[in-house]
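*Asks:* how would this look folded up:
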Amino acid sequence: MQLLYQIKKHDRLGMQKLVTQFSQRNTLKSPLALVLLVRYTAKLLHDEVAEGRVGGTSFQNGSQFARSGYAFLEASLRHKSEMVVYEAGKAICALPNIEPQELSPAVNVMQLFLSSPKPAVRFAAIKTVSQVAVNHPRIVSKCNEDLEALIADANRSIATLAITTLLKTGSENSVDRLLKQISVFLSEIPDEYKITIVKSLQRLCFTYPSKHRVLVGFLSNFLREEGGFDFKRSIVNSIISLMKAVPETTESSLLHLCEFIEDCEFTMLSTQILHLLGELGPTTPSPARYIRFIYNRVILENSAVRAAAVAALSKFAARCPSLRTSIMTLLKRSLDDEDDETRDRASLSVSVLKDAMEEFPYAPPPQDVEPESEPVPDEPQPGDPAAFVLLQGLPMSFDRLDRSIRAYMRAPAAMESPEQLTLSNLPIVEETEPEHDEEDVDVGGDVTLQAAVAGQKEEKKEAVDPAAAVYAIPELASLGRVFRSSAPNELSEEETEYVVRCIKHVMPEHIILQFLIQNTVEDQRLTNCTVAIEGDSECFEVAGEIAAESIKYGETANAFTVINRNPDASLAPCNFECVLRFGVVQVDPKSGEDESDAYEEEYPLEELELSTSDFMAKVSVPDFRQAWEDLGNTNEVLEKFALQFKKQEDAVAAVIDFLGMQPCDGTGHIKPGEGGKKPHMLHLSGVFVGGRNVLARAQVAASGDASGLLLKIAVRSDDSDVSRMVADCIR
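*Replies:* So this is what the prediction gives:
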């Protein structure tokens, strides 16, 4: 079987014939051979679904092989060998988009295996059932009695899987009973199993938000029990995620976390919670109740926690003017702290708050106010210096600020310029793709908290400025600062004699095309190399060229072409025909000496496209929803497009590529298993050439006729022409 598979695995029809032949003849006697046959059948059924040969979600409505393949798997559930039965059940449970009635036979078999006397069989069955419960909890719920019996299993892995599966399939009424069973079990297992159960409890709270008080209280009880750092961190992160997903849990969750830091031995968790208190505490109905917990940390903790506590107190004072007088008294006690960081934070906060209290003194509301009247909001007034300094974050991350300042310093004559250096004057720098070397910790999407819990990362390599080659040539440097540089575009195959790539450097009124030309011919030296471009566009006009004087074998040199852009003309995609023109000098490969005079040659290249997305820098915004509201709908453009994509993931990637913008809020990827099930909302941000901020919201959903996907897009900017140009990028 294995040999036949290796011979035919790249031939779909041959594999289908092989599987059909052996499954219908019933000639295989070896259980191991039948297990292989089941696996090959399952793989082919996956391919049938991926290539759209299964009608709807039922294999009974699919191709002939889809029907016969599923029938074989179902028949294998009745085989006398336990091994074959399990493999067939596992294969059916793993089939994509399977209907519940087609899944039921496999779940019934797994239910029988749950009561097997063999631990390995019980473990295999519970693991498969747990995976099915993610998408089909109702079908698995009929196994709940067997699962509850497994909570007391001697094998802790089986017991943990039983609990996590019950948490997926349990109803709202069974939550309290499950928590009682879990509380006894949790005290007896290692931390690694506890973390798995905590994550399942978090998902259960998302499913039944009305049970948040019970679940958060249950989790907080275990915060006060014995446990390692990873276990406590998983509980804290789960509570934080619940606060963001279910806002009703915020106040009670913050109080539970306050009680935890009273006796927390982990500095990282204490600072994380103090930061969270500073962010969310002032927005609750009774912010003063948290001050005592925070100030206790100033008195009792180490320097890192004291500094975090001072920062949290400062945020309370900045956001709640009624608390400033009392918090000022507490902050002044930290002015003599032995730690420099704590002392500096306290000094800054006291100074800023003092100015704010003098400029905007707090006037308490009169005591004779009628109860029916609306309460006076306890918020800072417009122009309050404390709110500006202590609450308003930087418009960019520190990493982007660092790269932007370095790019500013590299620009010609930037340091001699008399203009004041402000954040708005800094060059636009695009987002870089983060390297995910370590497992990300789920802290509810809060960037600051993610930074707080992240471990020590390897120091980043300094990025090379792609515009450095432009600034090195005085004639090009005089044209101004480069707005953005594209990734290199291949204009020839890598195996050809002359390899040419192009980097597009965009300026407000010019585009500089940098052609990287590599000579791969051993007995030639290229001279006076230029790339002639020709296009038909009212917006672009070729203004000049700078040739690469000489390129020896194996070397790469730069040639430049300058294009003037008409800023009054509307941008539209334009294709340029490119021809490499150069002189060829024959050389002796051994000595490298010239053997002939130069003669002219031409080499045709691929077309080069200038699209609207080339003028868009990928720049994210800290708060997309707030930025969307701030831009308003005055210059909004709404469009609807039919996309010729079968998969939602491909359509989302294509929309991002067409617009050339940065996905925000984690909307750039579709979670595994969710593609096509519901519309996907994409949040995009960027800066158009000229410094115009652009935001877009795009919804990708299945169209009614099942021929493709439907895209609805809304684009906002402070210029209606820019909004229109960006919306027209979809093609």
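*Asks:* if you skip the residues just before and after it, what's nearest to I533?
*Replies:* In space, and not counting its chain neighbours, I533 is closest to F576: 4.2 Å by Cβ to Cβ, 6 or more residues apart in numbering. Backbone N, C-alpha and C define where each C-beta goes, glycine included.
*Asks:* can you count the residues close to A653?
*Replies:* Using other Cβ atoms under 10 Å, A653 has 15 other residues around it.
*Asks:* the bottom helix or strand of this structure by mean pLDDT?
*Replies:* helix 447-453 (a mean of 40; mean pLDDT, DSSP states H and E).
*Asks:* where are the low-confidence patches of the stretch 101-250 of the chain?
*Replies:* Along the stretch 101-250 of the chain, segments meeting pLDDT under 70 are nowhere present.
*Asks:* show me where it has helices.
*Replies:* Using DSSP state H, counting those that start in this stretch, the helices of the stretch 101-250 of the chain run over residues 119-135, 137-140, 144-150, 156-169, 175-186, 191-207, 212-223, 229-245, 250-261.
*Asks:* returning to what we had before: what about the residue nearest to I533, distance to V542?
*Replies:* With distances taken as Cβ to Cβ, to the nearest Å, F576 is found 9 Å from V542.
*Asks:* for P365, same thing?
*Replies:* To V542, P365 is 69 Å away according to Cβ to Cβ.
*Asks:* more neighbours: which of these two?
*Replies:* Set side by side, P365 and V542 show more neighbours around V542, with 15 against 11, by other Cβ under 10 Å.
*Asks:* that one belongs to a strand, doesn't it?
*Replies:* Yes: assessed by DSSP: H, G, I helix; E, B strand; the rest coil, V542 belongs to a strand.
*Asks:* make 836 the first number, not 1, from now on.
*Replies:* Okay, residue one is now 836; in that scheme the one you just asked about reads as V1377.
*Asks:* check the burial of I961 by counting its neighbours.
*Replies:* Neighbour count for I961, taken as other Cβ under 10 Å: 27.
*Asks:* that one touches A997, doesn't it?
*Replies:* Yes: contact status for I961 versus A997: in contact at 5.9 Å, counting by Cβ atoms under 8 Å.
*Asks:* buried residues in the strand ranked longest in the chain, which are they?
*Replies:* If you go by DSSP state E, the chain has its longest strand at strand 1409-1421. The neighbour-count check on strand 1409-1421 (16 or more other Cβ atoms under 10 Å) flags 1409, 1411, 1413, 1415-1420 as buried.
*Asks:* what residue ranges in this protein score low on pLDDT?
*Replies:* Those would be 890-893, 895-897, 1201-1211, 1267-1299, 1507-1512, 1539-1542, 1566, if you go by pLDDT under 70 across the chain.
*Asks:* circling back to that earlier point, from the buried residues of strand 1409-1421, which single one is nearest V1019?
*Replies:* C1409 (70.8 Å; Cβ to Cβ).
*Asks:* quick check: that closest one touching V1377?
*Replies:* No: C1409 is beyond contact range of V1377, at 11.8 Å (criterion: Cβ under 8 Å).
*Asks:* still on that earlier bit, adjacent strands (with direction) for the helix or strand following the longest strand of the chain?
*Replies:* Scanning forward in sequence from strand 1409-1421 by DSSP states H and E, the next helix or strand is strand 1434-1439. In the sheet, strand 1434-1439 lines up against strand 1409-1421 (antiparallel) (DSSP bridges).
*Asks:* only alpha carbons, please: show the partner strand as CSV.
*Replies:* Output of strand 1409-1421 as CSV, limited to C-alpha atoms (Å, rounded to 0.1, in the frame of the first residue of the first chain):
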residue,chain,number,x,y,z
CYS,A,1409,0.3,53.0,-15.5
ASN,A,1410,2.4,50.4,-17.2
PHE,A,1411,5.8,51.3,-18.6
GLU,A,1412,7.7,49.2,-21.2
CYS,A,1413,11.3,48.8,-20.1
VAL,A,1414,14.4,48.2,-22.2
LEU,A,1415,17.9,47.8,-20.8
ARG,A,1416,20.4,49.7,-23.0
PHE,A,1417,24.1,49.2,-22.5
GLY,A,1418,27.5,48.8,-24.1
VAL,A,1419,29.2,45.5,-24.2
VAL,A,1420,33.0,45.1,-23.9
GLN,A,1421,34.4,41.6,-24.4
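*Asks:* distance from that strand to the middle of the chain?
*Replies:* In terms of Cα atoms, centre = their mean, to the nearest Å, the centre of strand 1409-1421 is set 41 Å apart from its chain centre.
*Asks:* what's the answer for stretch 1443-1458, then?
*Replies:* In terms of Cα atoms, centre = their mean, the centre of stretch 1443-1458 is set 18 Å apart from its chain centre.
*Asks:* just the CA trace of that stretch, in CSV.
*Replies:* Taking C-alpha atoms only, stretch 1443-1458 is exported to CSV below (Å, rounded to 0.1, in the frame of the first residue of the first chain):
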residue,chain,number,x,y,z
LEU,A,1443,6.9,48.0,-14.8
GLU,A,1444,3.7,49.2,-13.2
LEU,A,1445,3.2,52.4,-11.2
SER,A,1446,0.0,51.9,-9.2
THR,A,1447,-1.8,54.1,-6.7
SER,A,1448,-0.7,51.8,-3.8
ASP,A,1449,2.9,52.8,-4.6
PHE,A,1450,2.0,56.3,-3.2
MET,A,1451,0.6,54.9,0.1
ALA,A,1452,2.7,54.2,3.1
LYS,A,1453,1.7,51.4,5.5
VAL,A,1454,1.2,53.2,8.8
SER,A,1455,-1.0,52.0,11.6
VAL,A,1456,-3.1,54.1,14.0
PRO,A,1457,-3.2,53.5,17.8
ASP,A,1458,-7.0,53.5,17.9
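*Asks:* for stretch 1554-1566, buried residues please.
*Replies:* By neighbour count on 16+ other Cβ under 10 Å, the buried set for stretch 1554-1566 is 1557-1565.
*Asks:* no no, stretch 952-966
*Replies:* Buried-residue list, stretch 952-966, by 16+ other Cβ under 10 Å: 956-961, 963-966.
*Asks:* same thing with stretch 968-984?
*Replies:* Going by neighbour count (16+ other Cβ under 10 Å), the buried part of stretch 968-984 is 968, 970-972, 974-976, 978-979, 981-983.
*Asks:* what's the most distant pair in the residues you listed?
*Replies:* Across the buried residues of stretch 968-984, no pair lies farther apart than N970 and E983, at 21.7 Å, counting by Cβ to Cβ.
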